[in-house]
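**Q** From the sequence below, what's the structure:
(chains A and B)
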Amino acid sequence: MATLTAEGRVLHAHLSGDSIRAAQGAMIAYAGNVEFKNAGMGGGGGFKAALKQKIAGESISLMDCTGTGLVYLAQDAQDVIVIDLTGDVLTVESEHILAVTPSLRLDVKFAGLQGMTTGQGLATTTVSGDGQVAVTSDGPMIGLEVRPGMPVVVDPDAYVASHGRMNMTLVSGISWKSLIGEGGGEPFSLRFEGQGTVYIQPAER
Amino acid sequence: MLGYDGQVAFRPVSGLSQGVRGAVGAMLAGESNPLMAAEGNGNVLYGYRGLRVTVIDLAGDSLSVEADRLLAYDAALQTSVEVIAQGGIKAMARGALTGQGVATTRVFGHGSVVVLSHWRVLPAAAQRRDGRGRPAGLRRPHRRPPGRPQGQGRVPRRRRARLGRGVPAPRLRPRHGLRAGVRAEVLNNREDPTMQTFNADTLPVDDNVNDYAFSVALQGEWFLSKGAMIAYYGDVGFEAVNTYASQASWVAARFSSPIYVQDWVIAHGHGKVVVGDRGYNINSFDLDDGNLTIKAGNLLGFDPALELKQSIVPGFVTLIGTGKFLASSNGPVIFTKPPFRADPEALLGWADCPSPSHHYDAHWMTQSFLAGVQGLLGRESGEERQYDFTGEGDILLQSSEVVREDPAVMRLVESQTSLLSTGQKGILGRQLVAQSQQQ
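**A** A predicted model of the protein is given here:
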């Protein structure tokens, strides 16, 4: 059973005759007998996933790492954490996915309007099932808890991932004052209400 | 070079110092790295883009290192360029694909080499079987605070309490003003910061969330740089400074810099605001009836108890009064004392000391006739222009020579062109066009 462990900015993937999917070009070193090949269309999700991604602009290029050994993965010296999923769904910006264990399913969720303003495309990627997903962030990630009556507002450029039952709305800072060039400086923000956790990074994309 | 004290001169070093063969080898291999030599007596601080630094001691053995990861080395050491692709065309193509050229730089002899890395150097990748983690000679850099020069002529200084230390947990941070930037009580292991989850109640009160994020407990107003907010809980609004003047003119009046006013907002209300900036280190400082001048692009927020004014030095702003402010730095902040000369790009700010003057180090040009000709032809060591500090106070440096584009500097320079005559404006315009085409 392939396991992922994060050590600061490097992800260690222990393979024992099985495979993981990782972001293309993220391998920095490996030991043992490991083969790397393109995961194919739609990050291994098949034709339908590829089509969906094409429409959504939520591109993700993954490679299959198969074999026995230890693979070191890293991306742009970004911090890495491993999130264990047990049947729940994690919504994550596709560029922050470093690696997933094979039992997880990647899908594209159309997020509607707010994607347009963040420049992140119209959709976000969802990861679901039982397994591990390694998520990268520019600086250590911060989890922000959301409870009923305690909503959180985040900068779309700092948003990385979220999970739980939450309602995401777009907060616009635009008022008539913005029209004459004196806006509040945070033109769009994402507001999360409900129950769950929002993960942000201490840097704007 | 970030800065230095004592008597130090810098001069450019060309590949020619390794002989014609070395220069040709470096050129062919694409493994070139403009170097400069520092000579004299004193302490020189080096850093690059906030990257990690590892010192490797060589005792007659050699080290292969990528040229762009080489920060500094002992002049007693020799370097050569080594072509690694020796397996013919195929290997050469493979080498070229790494984007690092087909060569590395080899350093050999007796002395120290300083290499850069984004994170700590990982000798583990080779999976040594004898259990020893580090290769021979690899050691961590000295942790000696760089601010204490061993140079001569140091005057005993009065105790400055002007730049106060950050709250809370002041006892943990014995040094003036400098916040460790991390909540040592929470994150004991700086190497591997683990992710933490917070909510509106558990977010720290006016303290760092981690090295790179800070949580402001908002009760009323705070000045924030536009885009510094990355998340917030509670009932918080963001308003342009000028717009807010209609509600509370005294708050807006604390901000007296027409050039920077459009880059700032007032956050008002009640809640917790998380502040971050490009993943840079965030430090909080408490100013106690003092003044501090800081690079405008690195100032992220301040208490309206402080007053902001524009500094005489372009691109800097001055904070006056008593209160807290937040600043970002690429890598941890380095504190030093005058007399000191700082690289303009690495300079973060200064407190309580007089404004710096320019120092032009062109000493190397006078050393020989050939060097003089090279100087006339525009050759530079890259360190000619320095800020010279004298007097009493604190100087803040960051380990970065990368400057964020500050839109206000352009506005500032533009506003001063009104001093020029029409003819001078034309000359300046042509020079600017030529400069922008060169880059």
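
**Q** helix, strand or coil for residue B:417?
**A** helix (DSSP: H, G, I helix; E, B strand; the rest coil).

**Q** actually residue B:428, not the one I typed
**A** Going by three-state DSSP: residue B:428 is helix.

**Q** from memory it sits against residue B:420, does it?
**A** Yes - between residue B:428 and residue B:420 a contact is recorded at 6.6 Å, counting by CB atoms under 8 Å. The C-beta positions use only the backbone N, C-alpha and C, and glycine is treated the same way.

**Q** Buried ones in whichever strand or helix holds residue A:91, by neighbour count?
**A** Assessed by DSSP states H and E, residue A:91 sits inside strand A:79-92. Neighbour counts using 16 or more other CB atoms under 10 Å in any protein chain shown place A:79-83, A:85, A:89-92 of strand A:79-92 among the buried residues.

**Q** Likewise for stretch B:391-405?
**A** Within stretch B:391-405, the residues scored as buried using 16+ other CB under 10 Å are B:393-401.

**Q** ditto for stretch A:140-155
**A** So stretch A:140-155, judged by 16+ other CB under 10 Å, has buried residues A:140-146, A:150-155.

**Q** Show me the subset of these that also lies near chain B.
**A** A:140-146, A:150-155 (CB under 8 Å from any CB of the partner chain).

**Q** Farthest-apart pair in the residues you listed, please.
**A** A:140 and A:151 (23.4 Å; CB to CB).

**Q** Is stretch B:242-251 positioned near chain A?
**A** Yes - Stretch B:242-251 reaches chain A (CB under 8 Å from any CB) through B:242-243.

**Q** following the helix or strand of chain A with the lowest mean pLDDT, which helix or strand comes up?
**A** When each helix and strand of chain A is scored by mean pLDDT, DSSP states H and E, helix A:114-118 comes last, with a mean of 48. Sequence-wise, the next helix or strand downstream of helix A:114-118 (DSSP H and E) is strand A:123-137.

**Q** Now do that following strand against strand A:79-92, angle only.
**A** Orientation check (axes from the mean of the first three to the mean of the last three CA atoms, to 10 degrees): strand A:123-137 against strand A:79-92 gives 160 degrees.

**Q** Report the angle between the helix or strand immediately after strand A:123-137 in the chain and strand A:79-92.
**A** Scanning forward in sequence from strand A:123-137 by DSSP H and E, the next helix or strand is strand A:142-146. Angle of strand A:142-146 versus strand A:79-92, following the same axes, to 10 degrees, is 30 degrees.

**Q** So what touches strand A:142-146?
**A** Here strand A:142-146 makes contact (CB atoms under 8 Å, 6 or more residues apart in numbering or on different chains) with A:152, A:154, A:164, A:166, A:192-202, B:195-199, B:202, B:209-210, B:213, B:231, B:233, B:274.

**Q** helix/strand/coil for residue 76?
**A** Answering for chain A, as no chain was given. coil.

**Q** What pLDDT is listed against it?
**A** Residue A:76 is assigned a pLDDT of 83 by the prediction.

**Q** Against chain B, how distant is it?
**A** Look at residue A:76 and chain B: by CB to the nearest CB, to the nearest Å, they are 8 Å apart.

**Q** how about that residue, what does it touch?
**A** A:136, A:138.

**Q** Quick check: beta-bridge partners of the residue most central in space within chain A?
**A** Nearest to the mean C-alpha position of chain A, counting by CA atoms, centre = their mean, stands residue A:92 at 3.1 Å. Beta bridges link residue A:92 to residue A:125, residue A:161, judged by DSSP bridges.

**Q** I'd guessed it sits against residue A:134; true?
**A** No - between residue A:92 and residue A:134 there is no contact, the gap being 10.5 Å when judged by CB under 8 Å.
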